[in-house]
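Trainee: A structural model of the following input is requested.
(2 chains)
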Amino acid sequence: MTVKLTITQLEHKANEVRKDIISMLEAAGSGHSAGPLDLADAVTALYFNIMNIDPARPDWPERDVFFLSNGHTVPVQYAVMAERGYFPKEELLTLRKLGSRLQGHPERTKLPGLENTSGPLGSGLSQAAGYAYSLQYFEDARHRFVYVITGDGELDEGNIWEAAMFAGKYKLSQLIAFVDRNNIQIDGSTENVMPLEDLRGKWESFGWHVQEIDGNNIESVIEAASMARAITNRPSVIIMHTVPGRGVDFMEYDYKWHGVPPNSEQAKEALTKLRTLDGKITSGDIE
Amino acid sequence: MYPLNPDVYNDNVKKEPIRAGFGRGLKAAGEANDKIVALCADLTDSTKMSLFRDAFPNRFVQVGIAEQNLVTLASGMARAGKIPFTSSYAAFSPGRNWEQIRTTIAINQQPVKIIGSHAGVSVGPDGATHQMLEDIALMRVLPNMVVIAPGDSIEAEKATKAIAENGKSTYMRVAREGTPIFSTEESPFEIGKAYVLREGRDVTLLGTGTMTYQLLVAASELEELGIQAEVVHVPTIKPLDAETILTSVKKTGRVVSAEEAQAAGGFGGAIAELLTQYLPTPLLRIGMKDRFGESGEPEQLMAFFGLDSHSVALDVKDFTDAMPQYHQGF
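Mentor: Residues are numbered from 1 along each chain as shown, chains lettered A, B, ... in the order given. Below you'll find the predicted structure:
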């Protein structure tokens, strides 16, 4: 049920997703900019290449599942889902509005295709671990995979490490976590607010297989997921080094864009830049 | 009429911890439905989830001392099509992990069953930190959440089987100490139903959980004082059986609620909300009076905090003496 696009096509798609995100956030008048933009590449790779899914059958029993743990980045998930055909793109502009299926933080019961409800940080990894445990031990369904994205600031939460310890003990090899290592959280840089390093060492000591990649390189994301699926004796974490606000130069690297949307002038500028870049972003290109 | 244990008013009435009924009920539910799985946070024997673990080791998950993970794992398993039961002490679950329950179970509408054991002051010597008194209040304010406090071990077994199949997020509180058995195998239990255990015309005594037995004994003491108390057992705190409760209150014109929990915000709070809206009636709320518990033997503590049958009888007597029967007049 996957549609196989070339890397270049995927990069174009991620650029479309970034434009969607800017338009959605501008229309909503509130929401988070940096995280969704930096996750556009990974989430596009997941929905268009990595995961075995069928948008026409969101509850298809054989599907791979995706849990978003840092729920505030959900605009990227909505945008990718719309691009993938889960619902019409026009609906994206209802984000955060009364009566919308696109809640400010994801609610499973509102929108088919969402696997969980999240927002308060630290719980998505546990929910994904519960699902992965079920596949591995209750169902013996070894061909399905559970993907989860967490933020890096989110790793401050104790619940994350409870889940990490659990997944390590039970060797949940169908659980594949992506950490969005963009180094920012609301109050500033992660290493100032609450240092996470040695992050690789932390995960390894909990019994996880760890990869570190450029999370804004779609090819790297796909290759890392492929490697993670091949690891059959441990859960996998892929630490994705990303540029917060990636794709919109005046947002990149600036933590102040964590929790605010662009105004209409800024959105116009961002969309112009994204359009200009369209077709020029190549795999591995970091500015 | 509700079939009562014929020995209920005898001093040697059989006692059994309510959690034992949960253990049997979960094992039986597991036999009937293979989607049921069980998770525990390092208190498997204590919560009596051990009966299920021993019968279905492959459907039991040891989570360790991690209550936040306990309920969020269960949420994920529910998404995978399972019916997860979680157990710990009520002080820790839902005491510690309430936000995870709110977000990943209640808002998310997953049919996870949260079993809070060792609720109330009758936990005894462990003291205030382990005597959970706020769980009813915490859980009943959550939309989508069913809240149940069975009155004895026989009822707990029936309630466990019932919640296994209700398809909803559910909290059930159970007690540690041996609780006198007032029901019988033939007694009815249905989620959302309250039951008149004893008829009377002077005052309605509404009990939930361990307090129903105390109300029955108090009613027999009150009878000797010339007060005919009607005892209504309310094992389901949410959704409340408004019809049964209001029918009784219309008859008696005075109400007492009783719970082994904070008298504010919990069961008594639910009754106050019901009455103020539909049938304003004088209400005495028996429970913990805005304070925490402390160490002591269970029976000692029940008496010390005014939760034993004799203390209840005296309070009800004072209440009925002071308060005229109120019948709808406006």
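Trainee: make it CA atoms for all contacts and neighbour counts henceforth
Mentor: Noted.
Trainee: show me the contacts for the spatially most central residue of chain B.
Mentor: For chain B, the residue nearest the mean C-alpha position is residue B:149 (1.7 Å; Cα atoms, centre = their mean). Residues near residue B:149 by Cα atoms under 8 Å, 6 or more residues apart in numbering or on different chains: B:172, B:173, B:174, B:208, B:209, B:235, B:236, B:237.
Trainee: and the least confident of those residues?
Mentor: Within the set of the contacts of residue B:149, pLDDT is lowest for residue B:174 (94).
Trainee: give me phi/psi at it?
Mentor: Note on residue B:174: its backbone torsions stand at phi -130, psi 160 [degrees, to the nearest 10].
Trainee: In contact with the nearest residue in space to it that is not next to it in sequence, which residues?
Mentor: Spatial nearest neighbour of residue B:174, chain neighbours left out: residue B:117 (4.8 Å); criterion: Cα to Cα, 6 or more residues apart in numbering or on different chains. Listed by Cα under 8 Å, 6+ apart, the contact set of residue B:117 reads B:19, B:47, B:87, B:88, B:89, B:90, B:173, B:174, B:175, B:176.
Trainee: What's the separation between residue B:91 and residue B:35?
Mentor: Residue B:91 sits 28 Å away from residue B:35, going by Cα to Cα, to the nearest Å.
Trainee: Who has more neighbours out of those two?
Mentor: residue B:91 (22 against 16; other Cα atoms under 10 Å in any protein chain shown).
Trainee: Relative to chain A, how far out is the nearest residue to that one once chain neighbours are set aside?
Mentor: Closest residue to residue B:91 apart from its sequence neighbours, by Cα to Cα, 6+ apart: residue B:132 at 4.8 Å. Noted for residue B:132: a distance of 22 Å to chain A, by Cα to the nearest Cα, to the nearest Å.
Trainee: isn't residue B:132 right next to residue B:88, touching?
Mentor: No - the pair residue B:132 / residue B:88 is not scored as a contact, 11.6 Å apart, by Cα atoms under 8 Å.
Trainee: give me the low-pLDDT residue ranges for the chain?
Mentor: Reading this off chain A. Regions of chain A meeting the criterion pLDDT under 70 cover residues A:1-3, A:277-287.
Trainee: hmm, I had chain B in mind actually
Mentor: B:328-330.
Trainee: Do a quick rundown of the helices in it.
Mentor: B:18-32, B:50-55, B:67-79, B:98-100, B:135-140, B:153-164, B:211-224, B:242-252, B:267-278, B:298-304, B:309-322 (DSSP state H).
Trainee: what's the closest of the ones you listed to chain A?
Mentor: Closest approach to chain A among those is made by helix B:67-79 (4.0 Å; Cα to the nearest Cα).
Trainee: Is chain A within reach of that closest one?
Mentor: Yes - interface with chain A: helix B:67-79 contributes B:68, B:69, B:72, B:73, B:74, B:75, B:76, B:77, B:78, B:79 (Cα under 8 Å from any Cα of the partner chain).
Trainee: And the nearest residue to the fourth one once chain neighbours are set aside, how close does it get to residue A:230?
Mentor: Leaving aside its sequence neighbours, residue B:73 sits nearest to residue A:130 (Cα to Cα, 6+ apart; 4.1 Å). Applying Cα to Cα, the value for residue A:130 to residue A:230 is 21 Å.
Trainee: can you map out the strands along the stretch 101-250 of chain A?
Mentor: A:146-151, A:175-181, A:184-185, A:188-189, A:209-214, A:236-241 (DSSP state E, counting those that start in this stretch).
Trainee: Report the backbone C-alpha coordinates of stretch B:50-60 in CSV.
Mentor: Only the C-alpha atoms of stretch B:50-60 are listed here, as CSV (Å, rounded to 0.1, in the frame of the first residue of the first chain):
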residue,chain,number,x,y,z
SER,B,50,-1.9,-12.6,40.6
LEU,B,51,-4.8,-14.9,39.9
PHE,B,52,-4.9,-13.7,36.3
ARG,B,53,-1.1,-13.7,36.0
ASP,B,54,-1.0,-17.3,37.1
ALA,B,55,-3.8,-18.4,34.8
PHE,B,56,-2.7,-16.4,31.7
PRO,B,57,1.0,-15.6,32.1
ASN,B,58,1.3,-14.6,28.4
ARG,B,59,-1.4,-12.0,28.8
PHE,B,60,0.1,-10.4,31.9
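Trainee: What lies in contact with it?
Mentor: Stretch B:50-60 is contacted from outside by A:137, A:138, B:23, B:24, B:26, B:27, B:30, B:36, B:37, B:38, B:39, B:44, using Cα under 8 Å, 6+ apart.
Trainee: and residue B:73, what does it touch?
Mentor: A:126, A:127, A:128, A:129, A:130, A:131.
Trainee: Identify those among these that sit within helices.
Mentor: A:126, A:127, A:128, A:129, A:130, A:131.
Trainee: Can I get these in JSON lines including neighbour count?
Mentor: Formatted as JSON lines, these follow (neighbours: other Cα atoms under 10 Å in any protein chain shown):
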{"residue": "A:126", "neighbour count": "31"}
{"residue": "A:127", "neighbour count": "33"}
{"residue": "A:128", "neighbour count": "36"}
{"residue": "A:129", "neighbour count": "34"}
{"residue": "A:130", "neighbour count": "30"}
{"residue": "A:131", "neighbour count": "29"}
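Trainee: near chain B, which residues of the stretch 1-150 of chain A?
Mentor: Residues of the stretch 1-150 of chain A lying near chain B (Cα under 8 Å from any Cα): A:107-109, A:115-118, A:120, A:123-124, A:126-131, A:133-135, A:137-138.
Trainee: are any of those buried, and which?
Mentor: Listed as buried from these are A:107-109, A:115-118, A:120, A:123-124, A:126-131, A:133-135, A:138; burial here means 16 or more other Cα atoms under 10 Å in any protein chain shown.
Trainee: separation between the closest residue to residue A:264 other than its chain neighbours and chain B?
Mentor: Nearest non-adjacent residue to residue A:264, counting by Cα to Cα, 6+ apart: residue A:26, 6.2 Å away. Distance, residue A:26 to chain B, by Cα to the nearest Cα: 27 Å.
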